Structure formats: C-alpha cells, structure tokens
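> coords please:
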Amino acid sequence: MVEWTGKFAYQQVADDLRRRIAGGEFTESGQLPSLAQLQKTYEVTVTVARAAIRQLTTDGLAVSHQGKGAFLTPDASRAAQLTDPVGTVTELREEVEKLRTEVGELRQRVAALEGS
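Below is the predicted model:
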C-alpha cells in the first residue's frame, strides 16, 4: 500500500485513515484498527502504524488508550473532512454556493427597494 510518493510512510497511512474516517467507515464502532491490523493492511512496520495513529491523535481525530486501542473523538468525521483536501474543497464549494444564493437574494431586495 505505501508507495514512493515523497511522503513518509506513516503520513500515507494516516492520510488513508483520515479519508476513511471522513467517509464514516469507523463511526459504528468508534474504534480504529489495531496496530497489528494496520501493519497487515498497509504492509508497514509497527513503528509506522504507531506513528500514523499518533498523527491522528495529534490532529484531534483519535484518542489512544494503552492496551485498548485508538478510538475516534466525537467530532472526528468532521475534523477529518476539514483536514482532508477533498473534504475541504467540497465544503468550500458548498459555502460559496450558499453565499451566491444569499447575494442573489440581497440583489433582489435592493432592486425592489430602489424601485419603490
């Protein structure tokens, strides 16, 4: 899974987990895959898997409990979308569309007031 992209392996794993979190993949259980599962899925060392979880923890997406695993924070899905470039672009497009609608409505009101 990890490729030569110019990014550290742990960042690639963290980015993929962030994408999966934003997509709602772990919301039912709230628990992220174990280090062993991450090693197997991404074909990385335990050090890389641990660093990926630490990155998600630093970003506020997860909390880690020694011996129990890593769990999503209550707002992890939203936070993942904000730290995910695709999620950020999507959210910005939605905000721009809202602003366009509001500006259009304001133009109509101004035109109506000027016509009075």
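> the protein: strands as residue ranges?
62-65, 69-72 (DSSP state E).
> spatially central residue for this protein, please.
Ala80 (1.7 Å; C-alpha atoms, centre = their mean).
> am I right that it is in contact with Ile21?
Yes: using C-beta atoms under 8 Å, Ala80 is in contact with Ile21, at 4.1 Å. Every C-beta, even on glycine, is put in place using the N, C-alpha and C of the backbone.
> now do the shared contacts for the two.
Shared contacts of Ala80 and Ile21 (C-beta atoms under 8 Å, 6 or more residues apart in numbering): Leu61.
> any weak-confidence spans in this structure?
1, 81-91 (pLDDT under 70).
> mind checking the longest helix of it?
Counting by DSSP state H, the longest helix found in the chain is helix 85-115.
> other SSEs contacting that one?
helix 76-83 (3 or more C-beta pairs under 8 Å, 6 or more residues apart in numbering; DSSP states H and E).
> and among the strands of the chain, the most buried is which?
strand 69-72 (a mean of 19; mean count of other C-beta atoms under 10 Å).
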